[in-house]
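# Pasting a predicted model and its sequence here:
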Amino acid sequence: MRSLGSNWRVVGSQILVWVSGSAAALAEPVPPLSPTNIFAPASTPAKSIFGLSLFVLAVTGAIFLVVFTLLLYSVVKFRKRPNDDGREPPQVYGSNQVELAWTVIPVLIVVALFMATARVIASVERTGRPDNEIEVIAIGHQFWWEYRYPELGVVTANELHVPVSEDDHPTPTFLKLLSADTDHSFWVPRLAGKTDLIPNHPNSMWIDPHEAGVYLGQCAQYCGTQHAKMLLRVYVQTRADFDGWIQEQRQPAAPSDAVSQGERIFETTACINCHTVAGTVANGRFGPDLTHLMSRDTIAAGAATNTPDHLRQWISNPDAIKPGSLMPAMQLSDEDLDALTAYLATLR
């Protein structure tokens, strides 16, 4: 979130205006913080892919120019003229030289492209893992992302936080990719290429962002009705900011007597079966960990900004924000809905 003055905030791709202490999303979006642009790489794997893309583009562009030039030459040279007597031009029924050329040259081009691609894949896949690496387990669900930091004792959802990797002190992040249900694909264009998540087949990838910021991505493998809203947000922070975030995420949910009714509703409804809130009896595993829910900029895997109004609507009727969501509508009374929303709003 960044400020535009005392009464304005920017979250993700929306401007929020604060009225009486609550935020409401305006209709007009602002440009995203980091567009999904493969031509602006900010990580070593993405830069390798970008260089390969330029090479392939140069080769295919040269082929296009040669073919187009020959075609244009043929059209102009052998066009029909007013004084033509109607006879066909000399017919050529075979040329070993031409046939050899159009066989050998394409083979050489394909071999060159293959070797260049293999070199990039090998350089990305065979990268060593330094001692100061960050390990994250990313699990794809229908239709959200779960992130586990096994060595740091943190579990979060939908918004991945990693430290910036400085040239004089590289800090790469290695991701182990798992699927909880069907095929997914992890793709943040400015950080790395697409990598699939296949059930019962662990996969891996790594990133080393060189610039702090928020990088946007997308599940790139059709995985069901809400595939298009299974969004990715990667927060690249300075090491100090990342360490501070880790310390905050390690804390259990802070108790609050003012919202005890909402906590009771959470613990006596289906919420407790799917979600975890550290420091309480809630220990569900089917939905996102909600211990620090309000520390996130978005809900529903990036489908909506994380405001009390959107959170209330999400609890009341998830299909209104994300049709086809696997989260059920809770069918709560307005009083219980307000109490539950107030409780969740304290989870920071």
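Good, I have the coordinates.

# Please make it C-alpha for all contacts and neighbour counts, starting now.
Fine.

# Per the annotation, how does this structure divide into domains?
What automatic domain parsing lists as the domains of the chain is 1-31, 37-74+96-250, 257-344.

# any idea how far the second one is from the chain center?
Remark: domain 37-74+96-250 is offset 10 Å from the chain centroid, using C-alpha atoms, centre = their mean, to the nearest Å.

# Which of the domains of the chain sits closest to residue 86?
Between residue 86 and those, the tightest spacing by C-alpha to C-alpha is seen for domain 37-74+96-250, at 18.0 Å.

# hmm, back to that, using a markdown table, lay out the domains of the chain together with mean neighbour count.
Listed next are the domains of the chain as a markdown table, based on neighbours: other C-alpha atoms under 10 Å:
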| stretch | mean neighbour count |
| --- | --- |
| domain 1-31 | 14 |
| domain 37-74+96-250 | 17 |
| domain 257-344 | 18 |
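
# Mean pLDDT lowest where, among those?
Mean pLDDT is lowest for domain 1-31 among the domains of the chain, at a mean of 37.

# quick one on the thing from earlier: quick one, which of the domains of the chain gets closest to residue 84.
domain 37-74+96-250 (16.4 Å).

# still on that earlier bit, dump the domains of the chain into JSON lines; add distance to residue 84 as well.
Output for the domains of the chain, formatted as JSON lines (distance: least, C-alpha to C-alpha, whole Å):
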{"stretch": "domain 1-31", "distance to residue 84": "61"}
{"stretch": "domain 37-74+96-250", "distance to residue 84": "16"}
{"stretch": "domain 257-344", "distance to residue 84": "67"}
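
# what about the residue nearest the centre of the chain, which helix or strand?
Centroid check for the chain by C-alpha atoms, centre = their mean gives residue 217 as the closest residue, at 2.4 Å. For residue 217, the element it lies in under DSSP states H and E is strand 213-219.

# Over to residue 335?
helix 334-344.

# which residues are contacting that helix?
Residues from elsewhere that reach helix 334-344 (C-alpha atoms under 8 Å, 6 or more residues apart in numbering): 259-263, 265-266, 293-294, 308, 311-312, 315-316.

# mind redoing it with 10 Å?
255-266, 277, 290-294, 308-316, 330-333, 345 (C-alpha atoms under 10 Å, 6 or more residues apart in numbering).

# among those, which are in helices?
260-266, 308-316 (DSSP state H).

# about what we covered before: CA atoms only: put the strand holding residue 217 into CSV for me.
Output of strand 213-219 as CSV, limited to C-alpha atoms (Å, rounded to 0.1, in the frame of the first residue of the first chain):
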residue,chain,number,x,y,z
GLY,A,213,8.7,-3.9,-5.5
VAL,A,214,5.5,-5.8,-6.1
TYR,A,215,5.6,-8.3,-9.0
LEU,A,216,2.4,-9.6,-10.5
GLY,A,217,1.8,-13.0,-12.0
GLN,A,218,-0.9,-15.6,-12.8
CYS,A,219,-1.7,-19.2,-12.8
